[in-house]
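In: Please find the sequence and the predicted model below.
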Amino acid sequence: MKNSILPSTSIEIDEMLIKENLIFILSHLQHQHELFPRAIIRSCNRSWEIIPYEVDEQRSISEIVNLYKQSRFIDCRTNAFPYDTEHTIDFDVKNKTAASFIMIDLDLNQFRDEVSLNKHLQKILKKLDAKFKGLAHPTVLHTGNGYHIYQPIDGIVLEEEQIFYDFLPYLNGSDLTTEFMRFAEKYFACGKADTNHHPSRNNCMLRIPGTINSKNGKEVKTIQRWDGTLPSIKYMLSDFLDYLIDVRNKEIRERKRSDKGKVFTSNVSNIDWIERLIQTPIEDCRKNCLWWILIPYLINVKGLDQKQAVVILIDWLQKSDQLKRLNFRPTSIVRSDLRGVGSYWPPKIETLKREQPEIYGELKKRNIIY
């Protein structure tokens, strides 16, 4: 494993304690969503593993512990939200995942020394306490090289509130739950969060206390336990709205600047891997591929008009439907996404791997990305 340190044999892992700690972490996540299906990650298999719904939740929990054990309890994590089988990011089908969790990742590399790191941790805890009127008492984990802060909240599905839903066209395909998590981390960390941490609704991985962090070979330890209180998201909605207004205004300015040079886009060379995607039907992640990759590529890189793009995209969706039929109206989805494309360009492969691991994995499986 690249840039990792395997744990010392002197570190003894208590399997029953790991199970107790997993149940504790899951207790942060069950107040507004079903626990399963849920994605996990472990060291011996860096791709996602989906733990299905079981009538007996203890059976699913035991299965997770067994999988963690197979990887010697190294890099054991679980997603903060249930696995979304649709991965929907469009304007016809709304995100139904409540914004109900705040995660803050502090890395020692962002600070001069451990003293500065610990001072900033206390600053964040005080800010959480002040914003939520004394109701915030999050879990704090020491990861061996920094801290994870986990604060569950009494959230809402932001897409169901018109005042927030209207900002979706300006979020570059992101859903409001993802946008809220990223805003909250920046807000409370005051610019000191791990720069490599980009939480999303589908990729917000929480470490399990008692397991091993392969980056430093140290045990993940609990410094403070969540007290079970759920402060309301209402305390942050005004700040989040101000943030969205700022995002929208910046995006409008960027689109105006981009439109001035749009005459040159038709001369841009083809992007090979996206051209392969256009020619290759896929089973999963079609809606996300439309929004993140294909529509920005055809409109803003290739310079096609919307009628030309619709013909290409509907053909691609119909061919993909022969592999696996999905229950959505392709024309409606395509036209909806075309309305929100703005000046967005498709991501680089490295960005796709970091921000949208589901898409990256599907394209790699189909040999679209080598």
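Out: Thanks, I have the structure now.
In: can you give me the end-to-end distance of stretch 353-368?
Out: Using CA to CA, to the nearest Å, the end-to-end distance of stretch 353-368 comes out at 13 Å.
In: buried residues in that stretch?
Out: Judged by neighbour count (16 or more other CB atoms under 10 Å), stretch 353-368 contains these buried residues: 353, 355-363, 366, 368. For the C-beta atoms, the positions are set from N, CA and C on the backbone; glycine is no exception.
In: ok, now which ones touch the nearest residue to Ala189 once chain neighbours are set aside?
Out: Nearest residue to Ala189, sequence neighbours excluded (CB to CB, 6 or more residues apart in numbering): Ile104, at 5.3 Å. Neighbouring residues of Ile104 by CB atoms under 8 Å, 6 or more residues apart in numbering: 124, 147-149, 151, 184-185, 188-189, 193.
In: okay, the buried residues of stretch 353-368 in a markdown table with pLDDT next?
Out: What follows is the buried residues of stretch 353-368, written out as a markdown table (pLDDT from 0 to 100):
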| residue | pLDDT |
| --- | --- |
| Lys353 | 88 |
| Glu355 | 83 |
| Gln356 | 86 |
| Pro357 | 89 |
| Glu358 | 88 |
| Ile359 | 91 |
| Tyr360 | 91 |
| Gly361 | 90 |
| Glu362 | 90 |
| Leu363 | 94 |
| Arg366 | 91 |
| Ile368 | 93 |
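In: Relative to Arg253, which of the residues you listed is nearest.
Out: Glu355 (22.9 Å; CB to CB).
In: hang on, the earlier thing: what about the contacts of Ile104, which are in helices?
Out: Per DSSP state H, helices hold the following members of the contacts of Ile104: 124, 184-185, 188-189.
In: biggest separation within those, which pair?
Out: Checking these with CB to CB, the most distant pair is Ile124 and Ala184, at 11.1 Å.
In: So between these two, which is more surrounded?
Out: Neighbour totals were compared for Ile124 and Ala184, and Ala184 leads with 25 against 22 (other CB atoms under 10 Å).
In: ok, and the closest non-adjacent residue to that one?
Out: Ala184 sits nearest to Ile102 (CB to CB, 6+ apart), 4.6 Å away.
In: How about Thr97?
Out: Nearest one to Thr97, counting by CB to CB, 6+ apart, is Thr177 at 4.9 Å.
In: So which residues of this structure form helices?
Out: Going by DSSP H, the chain shows helices at 15-27, 57-70, 114-131, 162-165, 176-189, 234-260, 272-279, 286-289, 295-296, 306-323, 330-339, 349-355, 357-365.
In: Among those helices, which comes closest to Asn95?
Out: By CB to CB (comparing all of the helices of the chain), the closest turns out to be helix 176-189, at 5.9 Å.
In: Give the buried residues for the closest one.
Out: 176-185, 187-189.
In: Go through these and name the one nearest Glu161.
Out: For the buried residues of helix 176-189, the nearest to Glu161 is Leu176 (8.8 Å; CB to CB).
In: My read is that the residue nearest to Ala184 contacts Glu185, right?
Out: Yes - assessed by CB atoms under 8 Å, Ile102 is found in contact with Glu185 at 7.1 Å.
In: and Cys204, what does it touch?
Out: 79-81, 101, 103, 181.
In: In strands, which of those residues fall?
Out: Under the assignment DSSP state E, these contribute 79, 101, 103 to strands.
In: Tell me the confidence at the closest residue to the first one other than its chain neighbours?
Out: If you skip the residues right next to it in sequence, Asn79 has Ala39 as its closest partner in space, 4.4 Å away by CB to CB, 6+ apart. Per-residue confidence (pLDDT) for Ala39: 90.
In: In contact with Ala39, which residues?
Out: Counted by CB under 8 Å, 6+ apart, Ala39 has contacts 48-51, 78-79, 83, 202.
In: Where does the prediction get shaky in the stretch 251-370 of the chain?
Out: 255-269, 327-329, 332 (pLDDT under 70).
In: swap the cut-off to 50 and go again
Out: In the predicted model of the stretch 251-370 of the chain, residues 262-268 satisfy pLDDT under 50.
In: and Leu317, how many residues sit next to it?
Out: For Leu317, using other CB under 10 Å, the count is 23.
In: Over to the one 3 residues further on?
Out: Counted by other CB under 10 Å, the residues lying close to Ser320 total 19.
In: Relative to Pro82, how far out is it?
Out: Distance of Ser320 to Pro82, given as CB to CB, to the nearest Å: 25 Å.
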